[in-house]
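Enquirer: Got a sequence here, can you build the structure:
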Amino acid sequence: MPFQFKKGETLKSQARKIVHNVAEFCIEEAAAKSLKVPLPQAMKRVSQATGVLEFTIRKIRNEVSVLDETEVLSTPGKHRKSSSHQKFEFDDFDKCVIRQTIQDFYIQQKKVPSLRKIFPVLTKKLNFQWKKESLRKVMHSMNFRWKKCANKRKVLIERPDIVFWRNNYLRKMRQYRKSGCQIVFIVETRVDSNLAFKICWQNFRSRNKC
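Expert: Model prediction:
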């Protein structure tokens, strides 16, 4: 039994081409008042009318013959499994979560946020369904680099937790000055260089903000 299109249903490009081919085939036969292909050669007539190979027509008929009335004819390859290398789409919010997670490792846990440690945390926070290597590429696109630093002092100064404290300090100082508070410096804070790490994730574009 032939398929019936619903009223108002939009035909896609491929279906519209087939409709056009069939219409042209019938119009040409009507104009010539003769059959272009004899009626007994049904498959050949369908192929001529639609522009589809006879092999494909037979394959479609075989698929339809085993369908129930409620089933829909599927498109080959439409339900193919997604590739594991599919690109991970992430927005500014996701980037902010990644940066904040790295900072939390430094500030809260006092640990170096290696990829092995970051991955399970971000998997829960962002529902990240890709592999570690995909996360590494995402972090690289955000200008994070896992590398050894020759200058320990530079590592200490640019560590995310130090950057966070410095920015927090500057914001509070700005608020105090605007409110007219008298600021008194009582002692110089000593920074322990032993807190520096030999290797860690470093952001080479420190202007990024959450």
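
Enquirer: could you pull out the helices for the protein?
Expert: 13-32, 42-50, 54-65, 92-107, 115-126, 132-141, 152-158, 160-178 (DSSP state H).

Enquirer: Let's have the ones you listed in TSV, adding distance to residue 185 and mean neighbour count.
Expert: Every residue, glycine included, has its C-beta placed from N, CA and C. Formatted as TSV, the helices of the chain follow (distance: least, C-beta to C-beta, whole Å; neighbours: other C-beta atoms under 10 Å):
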stretch	distance to residue 185	mean neighbour count
helix 13-32	72	12
helix 42-50	86	16
helix 54-65	81	12
helix 92-107	24	17
helix 115-126	37	14
helix 132-141	38	15
helix 152-158	20	15
helix 160-178	11	12
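
Enquirer: Out of those helices, which gets nearest to residue 184?
Expert: Proximity to residue 184, assessed across the helices of the chain by C-beta to C-beta, is greatest for helix 160-178 (10.8 Å).

Enquirer: tell me the domain ranges of the protein?
Expert: Following the TED database, one finds the domains of the chain at 1-76, 89-180.

Enquirer: Pick out the shakiest of the ones you listed, pLDDT-wise.
Expert: The minimum mean pLDDT among the domains of the chain belongs to domain 89-180 (a mean of 77).

Enquirer: Just give the number of residues close to residue 66.
Expert: By the criterion of other C-beta atoms under 10 Å, residue 66 has 7 neighbours.

Enquirer: Give me the nearest residue to residue 58, chain neighbours excluded.
Expert: Using C-beta to C-beta, 6 or more residues apart in numbering and skipping the chain neighbours, the partner closest in space to residue 58 is residue 43 (6.8 Å).

Enquirer: The one you found touches residue 54, doesn't it?
Expert: Yes: judged on C-beta atoms under 8 Å, residue 43 makes contact with residue 54 at a distance of 4.9 Å.

Enquirer: got a list of what residue 176 touches?
Expert: By C-beta atoms under 8 Å, 6 or more residues apart in numbering, the residues touching residue 176 are residue 183.
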